[in-house]
Each structure stands twice: as structure tokens, then as C-alpha cells.
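**Q** Output the structure for:
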Amino acid sequence: MGNFMTKRREPFRFMVWLGITSSIMLFTILLVTYIIRRTGPGWTDVKLPNVFLLSTMAIMLSSYTLNNANKAFRHERFNSYRMGMASTLLLGILFIVLQAWGWRQMFLAGVGLSGNPSGGFVYVISGIHLLHILVGLILLSIVLAEAMRRRPYIDSFVYSVNPPNQLKLRLISLYWHFVDILWLALFVFLLAHHGLDFRLSL
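**A** Numbers count the residues shown, from 1 in each chain. Model (predicted):
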């Protein structure tokens, strides 16, 4: 029976890894296209708004709070688990707000989707990544809602020892850590080519 249940859960693991692999391929294509296009005519590097640095710090901190939430879950500290998941969700939302603010600063500075392709690539790369973050926020919201519905210790304990629930949390955590690391890599790539413009501030 245990092997049967394990096999039933395997498609979810496969779907997460398939999504991660597909995302890596997508962004690899985008970055290769960026590098090729950068050598063409009409390209002028635009500076990144410094609020992107703040958003990067927020998303990196969210990985820390999620890691703490997972530790609390394993050690049956369910109040800490709920706080960790809530903090992760709020930091993810903060990341989106800061990214949107960065786009606004770029737009006010005259950087649009048309014209100079440099700015267009920044919007596209960060925008597609933001869609990944939105998927992660939906998944985190589902897990947090389940945790909030099971506030009594016994309900939380029964939930925590259920193998499908354990797997669900592991896979959601894997996905979230992936999109966090993905943004860090993208930000470092863009930063190396564009630099920060501290005039585009809050």
C-alpha cells in the first residue's frame, strides 16, 4: 500500500521538476537572445532602478523564512511554522510591489518596451520571472490557508505526519527556492550589463 501511495505522488514531483527544467530552458534562451541582440544596432544599456536591489533582498530573505518554516514544521512547532509561512508570503508580495515600483521608475525615466531594446529585455525578463513568483505565491497561500484551518495542536500534528502533505510542502519549498535563486542569477546578469541607477530611487 505504501509503494502504491508513493507512486501516486510521483507525478507531482515530476511536474515540479519539469516546470523547473522548462523555466531554465526558457531563461537560457532569453539570455542568449539578449547577448546576441546586444551586439546589434540601436542598443544602449539602460540602468536598473536601485529598488531592484531591495526586491532582491526581499526575495532572498523569503527563502530564509521558508527554510525556518520547514524546520518548525518538522519539529512540530506549528505556531512558528505558520509565522514562517506568513512571513514568506508577505516577502513574496513585497517583492512584487518593489518590482512594480522599479518598472514605474524606469517608465518615468523614459525607458519603454519600444525603442531601445535594452529596456525591453529588462521588462520581459523580470516580467516572466514575476509570473513564476505569482505561481509560487498561490501555492504558498494554499499551504498557509491549510495551516490556519488547523490551529489546534492535534490537527496540526495529524496534518504534519501525512506523507502527501509532507511531500506537498517539500515540493512547494523546492519551487520557491528555485525562483528565488533564479531571480538572483537574473539580477546579477542584468546588473553586470546595466548597473544600478541611484537616481531611480524610492
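**Q** hey, let's count contacts and neighbours off CA atoms from now on
**A** Will do.
**Q** pLDDT on the strand or helix carrying Phe14, on average?
**A** Using DSSP states H and E, Phe14 maps to helix 2-38. The pLDDT scores in helix 2-38 average 81.
**Q** which strands and helices sit next to that helix?
**A** helix 117-149, helix 163-194 (3 or more Cα pairs under 8 Å, 6 or more residues apart in numbering; DSSP states H and E).
**Q** what helix or strand is the closest residue in space to Met83 that isn't next to it in sequence on?
**A** Spatial nearest neighbour of Met83, excluding adjacent residues (Cα to Cα, 6 or more residues apart in numbering): Ala69 at 7.5 Å. Ala69 belongs to helix 51-74 when assigned by DSSP H and E.
**Q** List the neighbours of that helix that are in contact with it.
**A** Applying Cα atoms under 8 Å, 6 or more residues apart in numbering, the contact partners of helix 51-74 are 78, 80-85, 87-89, 91-92, 94-96, 98-99, 101-102, 160, 169, 173, 176-177, 180-181, 183-184, 187, 200-202.
**Q** about what we covered before: what does the model give the residue nearest to Met83 for pLDDT?
**A** Value for Ala69, per-residue pLDDT: 96.
**Q** any idea how far it lies from Met85?
**A** Between Ala69 and Met85 the distance is 6 Å, computed by Cα to Cα, to the nearest Å.
**Q** repeat for Leu144
**A** Leu144 is 6 Å from Met85, by Cα to Cα.
**Q** just Pro41 next, same as before
**A** Distance from Pro41 to Met85, counting by Cα to Cα: 47 Å.
**Q** Between these two, tell me which one has more neighbours.
**A** It is Met85, of Pro41 and Met85, that has more neighbours when counted by other Cα atoms under 10 Å, with 25 against 9.
**Q** Next up, phi/psi of the more buried one, please.
**A** phi -70, psi -40 (degrees, to the nearest 10).
**Q** got it, and the one 3 residues further on?
**A** For Thr88, the backbone dihedrals (degrees, to the nearest 10) come out as phi -60, psi -40.
**Q** Spatially nearest residue to it (excluding sequence neighbours)?
**A** Using Cα to Cα, 6+ apart and skipping the chain neighbours, the partner closest in space to Thr88 is Ser62 (4.7 Å).
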